[in-house]
Structure formats: C-alpha cells, structure tokens
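>>> I'd like to go over a predicted model; first the sequence, then the structure.
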Amino acid sequence: MAIQQYDAIIIGAGQSGGPLSTAFAKAGWKTAIIEREHIGGTCINEGCTPTKTMVASARVAYLARRAADYGVQTGPISVDMTVVRKRKRDIVDSFRGGSESRIKNTEGLDLFMGEASFTGSKTLEVHLNTGGVLQLGAETICINTGERPSTPRLEGIENVPWLNSTTIMELDSVPEHLLVLGGGYVGLEFGQMFRRFGSQVTIIQRSAQLLAREDKDVAEAVADILREDGIEVLLKTAATRVTRTPDGKIELMVSTSEGERVLSGSHILVAAGRTPNTHKLNLSATGVEVDKRGYIRANDLLETSASGIYALGDVKGPPAFTHISYDDFRILRTNLIEKGHATIKDRLVPYTVFIDPQLGRIGLTEAEAHQQGKNIKIAKMPMNYVARALEVDETRGLMKVIVDADTKQLLGAAILGLEGGEIMSMLEIAMMGKLPYTVLQEAIFAHPTLAESLNNLFGYLK
C-alpha cells in the first residue's frame, strides 16, 4: 500500500492537536490529523465543558433551596436529570461541532477518523472507523492522544456496574446514595454536584486530606464546606472490596483507622486516577520513550526521545489541564512555525477546582515554598471579611497568599471562595507582571467588587 506523505501528522484532535493542525495548514504545511472518537478531546466531550455545564445546574438547585435566605419563596425543588443531561449534550455538540468545522474547512488539512499506530519511526497505519486502512508518513509527528479514566484495582469491581467521570454524566435519574472513590478534583466536583441534585454522598479518600496537592489548611477548609453541604467525607480510608447485593445495592468494604466498615450505596463512582492513551500507538516502532505508567517522556521543548516526534497535552503526564494543553500548542506553533524559542520551563500553572465555592490556585503552596527554602510571609483572610461575599450571602472559604519577604513578589495563592478562580487570575496577572504585592494592596478597585478584597488581604501578612 502506498504511503501518503505529509509535512506534519497530528495524532489526536484535543486542545493541542486541533489548533496546531490548523496552524500548520495555514502556514503552508500539508497536514493530516487523526482522531479516534471525537474532535475536541476530553475537555469538550467528557471533561470541562460537560461537567461545568452540570455544575451550573447543580448550583441553581442549591440556590433554589436557599431562596428563603434571600426573602424569596419557592415551592418544592426537584431535579430532572434527563433535562440536565440534554442541556449538557447540546452544549457539548455545539462546541464539538465548532471545532470540527474549523478543521474540515481549513485548506491543506486532512481529517481522518480512526485509530493510529506507528509502523516505523516516521510512518503510521490508520484503521479508519468507516473501514479500510491508510498508510501515512511525515517528518514531523505530534502526539496528543490524552488520557482515559483508570480501571480500578478493587476486589469485586468486575461484578459491579461502576461509574467513571464519563458515564456518570449519562445517568437519567438522581442516585439515591453515591459512593465516590477519590478525593481529588473529579471526585469533589461530582460529589458536591450530585449532593445538590439530591443524592446522599460519601467520599472515600485514602490519604489524610482531600486534594493532596494543596496545603493542609486549604484542604481542611474544603472538607468543612463539603460536610456543611451534607456530604460524608472519610479520610485515611481505603476501599478493599465491593459486592452487589441481591436487591441491587452496592456494598463497599473499607479499612479505616478505627477498623473495617461496610458502606451501602446505590451507585459507585471511581474517580481515582487516569491512564495515558499510549497503549495502541506501538511506540516501540519509533524509539519514543515512556515512563512506567505509560506517559510519554518529553523535554521542555515538548520533544520526545525520537527526532521529529513531539508530545502535547495530558499524554506527556501532569499537570493535566486544558489550558496547559493549549499552551503546549502555542509552544510548538512558536518553535516549529515561527522559528522561535518557546519553552514550558518555569511557566505558571493556574487551575480552578469547580466545587462551590471555587478553589483557584496559582504558583507555590506554603509547603512548596518552605521546601524550596524561601523566606516567605503568608496572609490568610476568611471570605466573611469580604463585603461583596457578605452582600450576596456567599461567605464560605478563605483567601491565602504566599509572598517573598525579601522581594515582595507574589509566589502563590489559593483562593477558596466566591469566584475564586477569577480572583486567582488577577493574582496570576500580577505575578506575570512581577508586581510587588504592595501595588495590589494600594490599588483602587471598584466598590463593591470581589477584587477590592485584595486591598485588605495583604494587611494580614505575617
């Protein structure tokens, strides 16, 4: 079979691959992009877009139940999951359709829907979803195949209809009692979401705190909020076995510091880990190295161990965020098309956990700053000190910043509060501009906004 030759081939149409493919084509490169399932990657199809759409529905239910706090009288609140699901599907279809249209309408860019695997260092075999096989080759190949939810290692799980972060969004009714394995971003967002939809929820976390990457005080504040919402949070608790009873209930055996315990639920969500999509690529044919978990090893220029082959997005390992994947696209656009010298070294990595209130994070944690031997000062302020939060009766959470005591530069921040991700982004801009914290402390912000909380926050530095 003849090999179709291209200037560049991209495997995976995620948040790196899609825009990179159109950028290559517009620069005059003959380009092919291969996608196994759907354009847009995890973000649009199973991640950010659908989950945040459902989080919005859950927040409306939460506010409706709180209406009397604001002097507004409502009737009984119920949630129709089929409507929630349809709204989610419609928005996903719209976003995916827009991305697919951009690719299909770009001159010099060929889209192939199918499964790709390497047959040599610069050649690929594509098994098309419609049938047939293609042979493709290029001197530049970019891998953007992402991750998938990991299959749990739990005795008995093969006999239980367990949910992952994709399948749980297709439920057509509210679970009676949702058991959540994992206290990371995914577990917390879905746990709170379904609690607000009306489920009883239990979160099981193996370690001593939720959100293992956060400082202990921030993680404890998150746990307090979830417990206030009526969620059972079990820390230092390991799932050991799961069974299904004759009446369809799920029984989960867990080991705690106080001994064994049996939890009973109607549904179980596995939200503990993801696996890179490298298993079908036949990377051994290329010389591309992977780590023990299957993630592709890439340097600060996103180059793999094989010349001309690059890795972008989640497939090269954490941090697994959409905005990082998109920045990977910008790195390669700059270096390969514009002949620049962009690197991922020392780039800031912001993220927001879309629990309610949000947790926005940027830069170093307190623990990381201490580990690096920084001379730091820390400011913490509860959200009930923020006028805007009091006015809208959303006062849960805290603001925490870490600054360099010598240079007055911001080193990091955790904003757990109303629109925490937006406030965090203001601090990120200050960090990018290398503004000393005193500029924010003395700045004029419109009153009453959340931004003006920065005037007061730095007064708590110590």
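That came through fine.

>>> what does the domain assignment say about the chain?
4-149+275-337, 157-272, 357-460 (automatic domain parsing).

>>> Report the separation between Pro319 and Lys104.
31 Å (Cβ to Cβ, to the nearest Å). To be clear about C-beta, it is placed using only N, CA and C from the backbone, and glycine gets the same treatment.

>>> Where does pLDDT dip in the stretch 151-300 of the chain?
Along the stretch 151-300 of the chain, segments meeting pLDDT under 70 are nowhere present.

>>> now the helices: where do they sit in it?
185-197, 216-228 (DSSP state H, counting those that start in this stretch).

>>> Please identify the most buried of those.
helix 185-197 (a mean of 25; mean count of other Cβ atoms under 10 Å).

>>> Just name whatever secondary elements it is in contact with.
The criterion is 3 or more Cβ pairs under 8 Å, 6 or more residues apart in numbering; DSSP states H and E, and the helices and strands that helix 185-197 contacts are helix 48-65, strand 177-181, strand 200-204, helix 216-228, strand 267-270, strand 351-353.

>>> Now distance to Phe112 too, for these, in TSV please.
Shown next, in TSV, are the helices and strands packed on helix 185-197 (distance: least, Cβ to Cβ, whole Å):
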stretch	distance to Phe112
helix 48-65	24
strand 177-181	37
strand 200-204	41
helix 216-228	43
strand 267-270	32
strand 351-353	33
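
>>> Surely Arg213 touches Glu368?
No. Contact between Arg213 and Glu368 fails when scored by Cβ atoms under 8 Å: they sit 9.3 Å apart.

>>> Could you report the neighbour count for the closest residue to Gly120 other than its chain neighbours?
Counting by Cβ to Cβ, 6 or more residues apart in numbering, Gly120 lies nearest to Ala285, which is 5.7 Å off, once chain neighbours are set aside. For Ala285, the neighbour count with other Cβ atoms under 10 Å is 16.

>>> Provide a list of residues in contact with Ala285.
Counting by Cβ atoms under 8 Å, 6 or more residues apart in numbering, Ala285 touches 118-121.

>>> Mind giving me the PyMOL select for those residues, buried ones only?
Command for PyMOL that selects the buried part of the contacts of Ala285, burial taken from 16 or more other Cβ atoms under 10 Å:
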select buried, resi 118+119
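
>>> Select, from the contacts of Ala285, the two members most distant in space.
Using Cβ to Cβ, the contacts of Ala285 span at most 9.4 Å, a distance reached by Thr119 and Ser121.

>>> Identify the bridge partners of Val233.
Ile203 (DSSP bridges).

>>> these two touch, right, it and Leu226?
Yes. Under the criterion of Cβ under 8 Å, Val233 makes contact with Leu226 at 5.6 Å.

>>> tell me, what's touching these two both at once?
203, 210.

>>> Quick check: Gln73 touching Ala67?
Yes. Gln73 is within contact range of Ala67, at 6.9 Å (criterion: Cβ under 8 Å).

>>> Name the residue in these two with the higher neighbour count.
Ala67 (13 against 6).

>>> how about Glu35, what does it touch?
Glu35 neighbours (Cβ under 8 Å, 6+ apart): 12-13, 17, 111-114.

>>> Regarding Ala379, what is its secondary structure?
Look at Ala379: counting by DSSP: H, G, I helix; E, B strand; the rest coil, its state is strand.

>>> Number the chain from 58, please
From this message on, residue numbering opens at 58, which makes the last subject Ala436.

>>> Next one: it from Val496, what distance?
Applying Cβ to Cβ to Ala436 and Val496 gives a distance of 15 Å.

>>> Which one of the two is surrounded by more residues?
The residue with more neighbours, out of Ala436 and Val496, is Ala436; 19 against 13, by other Cβ under 10 Å.

>>> What segments of the stretch 308-457 of the chain are strands?
316-322, 324-327, 331-333, 366-368, 408-410, 415-420, 433-439, 455-461 (DSSP state E, counting those that start in this stretch).

>>> Out of those strands, which gets nearest to Phe515?
Comparing the strands of the stretch 308-457 of the chain by Cβ to Cβ, strand 433-439 comes nearest, at 5.6 Å.

>>> quick one: contacts of the closest one?
So strand 433-439 is contacted by 274, 423, 426-427, 452, 454-462, 468, 510, 513-519 (Cβ under 8 Å, 6+ apart).

>>> Can you turn the buried part of the residues you listed into a PyMOL selection?
Selecting just the buried residues from these in PyMOL takes one command, with 16+ other Cβ under 10 Å as the test:
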select buried, resi 274+423+426+452+454+455+456+457+458+459+460+461+468+510+514+515+517+518
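
>>> for stretch 446-453, the distance to its chain's centre please.
26 Å (Cα atoms, centre = their mean, to the nearest Å).

>>> Average pLDDT for it, rounded please.
Averaged across stretch 446-453, the pLDDT comes to 98.

>>> Now the terminal residues of that stretch, how far apart.
Counting by Cα to Cα, to the nearest Å, you get 9 Å between the two ends of stretch 446-453.

>>> Just give me the closest of the contacts of Ala342 to Glu246.
Nearest to Glu246 among those, with distances taken as Cβ to Cβ, is Phe175, at 35.6 Å.

>>> Could you find the closest non-adjacent residue to that closest one?
In space, Phe175 is closest to Ala342, 4.3 Å off (Cβ to Cβ, 6+ apart).

>>> measure that neighbour to Ile198 for me?
Shown here: Ala342 relative to Ile198, a distance of 12 Å by Cβ to Cβ.

>>> Ser114 too?
40 Å.

>>> one step back: tell me which of the helices and strands packed on helix 242-254 approaches Ala503 most closely.
Per Cβ to Cβ, nearest to Ala503 of the helices and strands packed on helix 242-254: strand 408-410, 22.5 Å.

>>> related to what we said a few turns ago, can I get the domains of the chain in CSV including distance to Asp403?
Converted to CSV, the domains of the chain look like this (distance: least, Cβ to Cβ, whole Å):
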stretch, distance to Asp403
domain 61-206+332-394, 9
domain 214-329, 18
domain 414-517, 11
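
>>> Isn't Ala377 up against Asp371?
Yes. Using Cβ under 8 Å, Ala377 is in contact with Asp371, at 4.3 Å.

>>> of those two, who's got more company?
Taking neighbours as other Cβ under 10 Å, Ala377 and Asp371 compare with Asp371 leading, 31 against 20.

>>> Run through the residues that contact the nearest residue to Ala424 once chain neighbours are set aside.
Take Ala424 and drop its neighbours on the chain: the residue closest to it by Cβ to Cβ, 6+ apart is Asp272, 5.8 Å away. With contact taken as Cβ under 8 Å, 6+ apart, Asp272 is in contact with 422-424, 457, 471.

>>> Distance from stretch 231-238 to the middle of the chain?
21 Å.

>>> in the protein, which helix has the most residues?
helix 138-161 (DSSP state H).

>>> could you check the angle helix 242-254 makes with that one?
140 degrees (axes from the mean of the first three to the mean of the last three Cα atoms, to 10 degrees).

>>> nearest to Gly194, of the strands of the stretch 308-457 of the chain?
Nearest to Gly194, of these and by Cβ to Cβ, is strand 366-368 at 12.5 Å.

>>> So which elements touch that closest one?
The contact analysis (3+ Cβ pairs under 8 Å, 6+ apart) places strand 366-368 against strand 190-200.

>>> Grab the nearest non-local neighbour of the residue nearest the centre of the chain.
In the chain, the C-alpha nearest the mean C-alpha coordinate belongs to Phe378, at 4.9 Å (Cα atoms, centre = their mean). The shortest distance from Phe378 to any non-neighbouring residue, by Cβ to Cβ, 6+ apart, is to Tyr408 (5.4 Å).
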